[in-house]
Every structure is written in C-alpha cells, then in structure tokens.
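Visitor: I would like to see how this sequence folds:
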Amino acid sequence: MKAFDALQEAQKIAFAPFVFQATVSLRNLGILDFIFNNNANGGVRRTEISEHLNISDYGLSVLLEIAESSDIVEKDDTGKYELTKIGYFLNYNQMTAANINFTQDICYKGLYHLQEAIETKKPSGLKELGDWPTIYEGLSKLTPKQQKSWFAFDHYYSDEIFGEALQTVFEKKPKLLFDIGGNTGKFAILCCKHSEDINVKIFDLPGQLNKALAHAEKNGFDDRISGQEIDWLSENPSIPHGADTIWMSQFLDCFSKKEILTILKAAVSAMDANTELVIIETYTDRQQYGSAKLTLEATSLYFTALANGNSKMYTAEEFKQLIDEAGLRLETDKKVGDFHTMFVCKKK
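Guide: Residues are numbered from 1 along each chain as shown. Here you go, the predicted structure:
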C-alpha cells in the first residue's frame, strides 16, 4: 500500500466512531429508507428529504456529507442522493442490523473503558449498563431495548444451526439432555418439539433460568423441561449424573481458559462411558470470510470490556487442548452452518 493510501485508511479508523454514529442516526431517522425508496426515481434532493421527514437542512447536511465520504450514499451532478450497496446492507441486512444494534445499545459506551479493562482484567465498561460482577447476572435486568439487541445478536449467531445440530444430537435417541447455559430456553423447546421422548434440564443463573422456564411453560413443555440454578464461577460447581447428552452451545466462550477447564471437568465428573458432550462454538481460525473473523474478534473486545473481563472467542486448537486436558476424547469434529463447529466428546 502506498503511503498516501495508508494515511487515508488511518483517518477512517481515527473517525470510525463518527461514521458509526452518523449511520445509526441516518437509519433511525428514516433517511436511508427514504433515499432508497426514491432510488428508482433517480434519487432525491436534500430539500425533499428535509420536508418529508421534518429534519432541518443543517442536520441533513452534516449527516449526508459524511455518508457520501463513507460511500453510504452517492450524489449526482444535480444534487440527488441515492443509496449505495454499502448503504443498502447497512440499512437492510439482518446480520448488519444485529451487529449495529449490539454495538450501539450494549457496547458503545462500555468500550470507552477497554484499556482499563485490559489493565485491570475486569469488565470495566460494564458500569455503563449496571452494577454487576459480569453481564450475565444483569441480562434479565437490562432495559427492554438493550435485551432485544443483546438477544438478537446472540440468537443471530446461534439459531441458524439448531436445526442441523438437532440431527446429530438425536442420532442416538437421548432421553435426558442437560442444556448448559439455556439462555431463553429456545433450544430446549426445539428439542421437545423434535422428539416426544426427550426431557431437558436447563442449568443457568437464576434470572435467565426463570425466563427460560417461563418460555417452556408458555410452549406447553413445563412437564418435560426443568431447571437448576448454577453459578459456574462458584467454588467447585457440579451437575448431577444421568444425562445422555450434555449440550453447550456458544457457552464456553463466556469464560477464561481456566474457567472452561473447570466447567469441562465438572461435566466429565457427571458423565459415564456413553454420555455425549456436544460443544458448539464459532472459532476464529475456522471462518471462511474475513468479515466473520472480524465479527468474532470484535466480540472478544465485548467480553473484555463488558461481559467478564477475561474471556474471548477462541481458536479450535485452543479448545481441542482444553478438551484433552479435561479428560475428554474428541469423537466428532464437523462444521455446522456458515460459522460454527460442533465437537462431540466422550469421556476418556
């Protein structure tokens, strides 16, 4: 790269927060929608946008000028604006929407404290959301808007693989499944819909567990979905014996390597020779696209600054080492969906 081009790219990074907040404003004010709806007409002038949306010409000018420089919109010689392909994906793509809302509603203020979090090894930015040791104790206490953005981000990168994963999980017709970190109970409910013979026990923190069990009851599965409160950061956490399958989907990345090892050893203690431990993660070294790798690496900074201060998105090789050290044997290593890897493990 030439020095001039490198300097230009450096300025984009220096002013990235400005472009991001301008994008959020353009989207939330309906400006991107209005421009796109007029693309077929050859574009729309700023005065028309101002009149239709009741936004001052001054406000539009500062937003559209940086949007044009950032290739979100383009303006022709007559002063008409059209949405570019970048602008289209910023406004209408589901993955991009989940990422933007998560960044804005959950991470933006907290990331200001990233350096402090790295220096102290604590989630220093979490105070921007609430007074909890980690974000997981506070999930049920976030505002409705924050909860919507957090779960939309979490579910976007997990829900798409559930259907495919169920086929593997039920190959050996399990009767009892332990759902570790059950979240909203969505997977437990899908299991019960998939098989009339399955019972699911969810293990999670009290706030999340209560929500998951409420969802189970609402779907008519309270007779087959039960729960047990657990804090994996407590001393010597344990789960009971008896499960045919132990399910951990995008759960272990919420912990440090030391904590992951503790959790895996607790699972091993509850397993017999036939119990399957299913681990699903999005590993940074197994992403086909650079944008996916970037998303995971950004998520690591969320863990650092806000979630817990000590976890991250890991590589598959790091997990393989932890699995072996915990006393597990990796039996299946397969790709599921576009981003995920499924490890099926047995006790050594």
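
Visitor: ranges for the strands of the stretch 1-150 of the chain?
Guide: Applying DSSP state E, counting those that start in this stretch to the stretch 1-150 of the chain gives strands spanning 44-45, 73-75, 80-83.

Visitor: sec struct for the residue sitting nearest the centre point of the chain, please.
Guide: Centroid check for the chain by C-alpha atoms, centre = their mean gives residue 154 as the closest residue, at 3.3 Å. Three states are possible here, and by DSSP: H, G, I helix; E, B strand; the rest coil the one that applies to residue 154 is helix.

Visitor: Relative to the helix or strand hosting residue 343, what are the paired strands and their orientations?
Guide: Residue 343 belongs to strand 340-347 when assigned by DSSP states H and E. Each strand that pairs with strand 340-347, with its direction, by DSSP bridges: strand 276-281 (antiparallel), strand 328-336 (antiparallel).

Visitor: Quick check: mean pLDDT of it?
Guide: Within the predicted structure, the mean pLDDT of strand 340-347 is 96.

Visitor: thinking again about what came up before, now the strands paired with strand 340-347 as a markdown table including mean neighbour count and distance to residue 126?
Guide: Every residue, glycine included, has its C-beta placed from N, CA and C. Below are these laid out as a markdown table (neighbours: other C-beta atoms under 10 Å; distance: least, C-beta to C-beta, whole Å):
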| stretch | mean neighbour count | distance to residue 126 |
| --- | --- | --- |
| strand 276-281 | 23 | 23 |
| strand 328-336 | 14 | 31 |
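
Visitor: and of these, who's closest to residue 250?
Guide: Of all the strands paired with strand 340-347, the one in closest proximity to residue 250, counting by C-beta to C-beta, is strand 276-281 (6.4 Å).

Visitor: chain center to that closest one, what's the gap?
Guide: Taking C-alpha atoms, centre = their mean, to the nearest Å, one finds the center of strand 276-281 at 18 Å from the center of the full chain.

Visitor: Send me it as CSV with only the CA atoms.
Guide: Backbone C-alpha positions of strand 276-281 (Å, rounded to 0.1, in the frame of the first residue of the first chain) are rendered in CSV as follows:
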residue,chain,number,x,y,z
GLU,A,276,-22.0,-37.3,24.8
LEU,A,277,-20.8,-33.8,25.4
VAL,A,278,-21.7,-31.5,22.5
ILE,A,279,-19.8,-28.3,22.2
ILE,A,280,-20.7,-25.7,19.5
GLU,A,281,-18.6,-22.6,19.0
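
Visitor: for the protein, which spans come out with low pLDDT?
Guide: Residues of the chain that meet the criterion pLDDT under 70 are absent altogether.

Visitor: Need the outlier residue of it, farthest from its centre.
Guide: Going by C-alpha atoms, centre = their mean, the residue of the chain most distant from its centre is residue 78, 42.5 Å out.

Visitor: thinking again about what came up before, quick check: which of the strands of the stretch 1-150 of the chain is buried the most?
Guide: Most buried of the strands of the stretch 1-150 of the chain, by mean neighbour count (mean count of other C-beta atoms under 10 Å): strand 80-83, with a mean of 22.

Visitor: So which elements touch that strand?
Guide: With contacts defined as 3 or more C-beta pairs under 8 Å, 6 or more residues apart in numbering; DSSP states H and E, the packing partners of strand 80-83 are helix 31-37, strand 44-45, strand 73-75.

Visitor: and with 6 Å instead?
Guide: Judged by 3 or more C-beta pairs under 6 Å, 6 or more residues apart in numbering; DSSP states H and E, the packing partners of strand 80-83 are helix 31-37, strand 73-75.

Visitor: Where do the strands of the stretch 151-300 of the chain begin and end?
Guide: Secondary structure of the stretch 151-300 of the chain, counting by DSSP E, counting those that start in this stretch: strands at 176-180, 199-204, 225-229, 245-249, 276-281.

Visitor: closest to residue 326 out of those strands?
Guide: Residue 326 lies closest, by C-beta to C-beta, to one member of the strands of the stretch 151-300 of the chain: strand 276-281, at 9.4 Å.

Visitor: now what about that closest one, what contacts it?
Guide: Strand 276-281 is contacted from outside by 245, 246, 247, 248, 249, 253, 267, 340, 342, 343, 344, 345, using C-beta atoms under 6 Å, 6 or more residues apart in numbering.

Visitor: Tell me who's in contact with residue 72.
Guide: Contacts of residue 72 by C-beta under 6 Å, 6+ apart are 86, 87.

Visitor: Begin at 10 from now on, thanks
Guide: In the new numbering, first residue 10, that becomes residue 81.

Visitor: how close does it sit to residue 11?
Guide: 25 Å (C-beta to C-beta, to the nearest Å).

Visitor: Same check on residue 130?
Guide: Separation of residue 130 from residue 11 (C-beta to C-beta): 40 Å.

Visitor: repeat for residue 90
Guide: 31 Å.

Visitor: Give the burial count for residue 211, as a bare number.
Guide: Residues within reach of residue 211, counting by other C-beta atoms under 10 Å, total 26.

Visitor: go on, the one 4 residues further on?
Guide: For residue 215, the tally of surrounding residues (other C-beta under 10 Å) stands at 13.

Visitor: Likewise for residue 348?
Guide: As a burial measure, residue 348 scores 21 neighbours (other C-beta under 10 Å).

Visitor: Could you tell me which residues make contact with it?
Guide: When contacts are counted by C-beta under 6 Å, 6+ apart, residue 348 is found next to 291, 301.

Visitor: gap between it and residue 225?
Guide: On the measure of C-beta to C-beta, residue 348 and residue 225 end up 27 Å apart.
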